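A.B. asks: Here is my input; please provide its structure:
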Amino acid sequence: MQEVQTPCPGCGISLKVPNPNNADAINCQCPKCGKAFKVVFRGQAAPSSAGPETVLSGDRQTGTSQAANDGATQLGGQPSGEATVLRGQSGATHAQPRLVCRGREYTLQTGRNIVGRKSTQKPADIMLDVDDQYMSRQHIAVTITRLANGTICAIVQNYRNTNQTHVAGQPLAAGEEVILNHGTTIKMGDTEIVYRQKS
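C.D. replies: This next block holds a predicted model:
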């Protein structure tokens, strides 16, 4: 049986979503906060390869993490609101989250991290040392939330960019929030960076 563990997009508790019938998609609802979301299992691939995709409503509020529940939670319910697609399994509990760009690592702090190309006029929290005219100076925001059980939840969204962003090869629309997993690629303009949170 395939399953995915993911933080709730509403309150952040760790939820285990089973797929006993190998369905393409499962509608879920958080038992704690009632947030509805959908998990899409693409091609029934093993979790270590392409993995499932999780679809979250686009109105998630970021901020302080909530205490995680003990163990697995089985979900049910109906989704609502606009959907945001994300790929893979979230919730790894390993090393400091970071972005890797052209061999250089940039550490992400807990909370919101504004990322863009290096600039003195519009500085970002993390300024990538690249000469990419298609990367905005304040391009994306990566929000890191640490749950009580040590799980890291990383979410990316567009910030004040006027240029395109792709996450795992898919365009990131305005207002979308996508959970990042270890190894997820983010393309900002013509520059590809990788999110890592394992040693």
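A.B. asks: use CA for all of it now, contacts and neighbours both
C.D. replies: OK.
A.B. asks: Downstream of the lowest-mean-pLDDT helix or strand in the chain, the next helix or strand is which one?
C.D. replies: Taking mean pLDDT, DSSP states H and E as the measure, the chain has strand 83-87 as its least confident helix or strand, at a mean of 41. Where DSSP states H and E defines the elements, the next helix or strand beyond strand 83-87 is strand 98-101.
A.B. asks: For that following strand, enumerate the helices and strands it packs against.
C.D. replies: strand 104-107, strand 191-196 (3 or more C-alpha pairs under 8 Å, 6 or more residues apart in numbering; DSSP states H and E).
A.B. asks: of all those, which lies closest to V167?
C.D. replies: Of all these, it is strand 191-196 that lies closest to V167, at 9.6 Å by C-alpha to C-alpha.
A.B. asks: Just the buried residues of that closest one, please?
C.D. replies: For strand 191-196, the neighbour count (16 or more other C-alpha atoms under 10 Å) marks T191, I193, V194, Y195, R196 as buried.
A.B. asks: Direction included, what does that strand pair up with?
C.D. replies: Strand 191-196 pairs in its sheet with strand 98-101 (antiparallel), strand 185-188 (antiparallel), by DSSP bridges.
A.B. asks: Adding mean pLDDT as columns, could you present the helices and strands packed on strand 98-101 in TSV?
C.D. replies: Listed next are those as TSV, based on pLDDT from 0 to 100:
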stretch	mean pLDDT
strand 104-107	96
strand 191-196	96
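A.B. asks: Just put these in TSV and tack on distance to N158.
C.D. replies: Rendered in TSV, the data for these read as follows (distance: least, C-alpha to C-alpha, whole Å):
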stretch	distance to N158
strand 104-107	18
strand 191-196	15
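A.B. asks: Indicate which one of these is closest to V178.
C.D. replies: Across the helices and strands packed on strand 98-101, closest to V178 is strand 191-196 (C-alpha to C-alpha), at 12.2 Å.
A.B. asks: Identify all contacting residues around the closest one.
C.D. replies: The contact list for strand 191-196 (C-alpha atoms under 8 Å, 6 or more residues apart in numbering) reads 97-102, 132, 135, 180-187.
A.B. asks: let's go with 7 Å and repeat that
C.D. replies: Residues from elsewhere that reach strand 191-196, judged by C-alpha atoms under 7 Å, 6 or more residues apart in numbering: 97-101, 132, 180, 182-187.
A.B. asks: Show the buried residues in those residues.
C.D. replies: Buried residues within the contacts of strand 191-196, counting neighbours by 16+ other C-alpha under 10 Å: P97, R98, L99, V100, C101, L180, H182, G183, T184, T185, I186, K187.
A.B. asks: gap between the residue lying closest to the first one once chain neighbours are set aside and P7?
C.D. replies: Yep, that's P97 we're talking about. Nearest residue to P97 in three dimensions, chain neighbours excluded: Q197, at 4.2 Å (C-alpha to C-alpha, 6 or more residues apart in numbering). Per C-alpha to C-alpha, to the nearest Å, Q197 is found 16 Å from P7.
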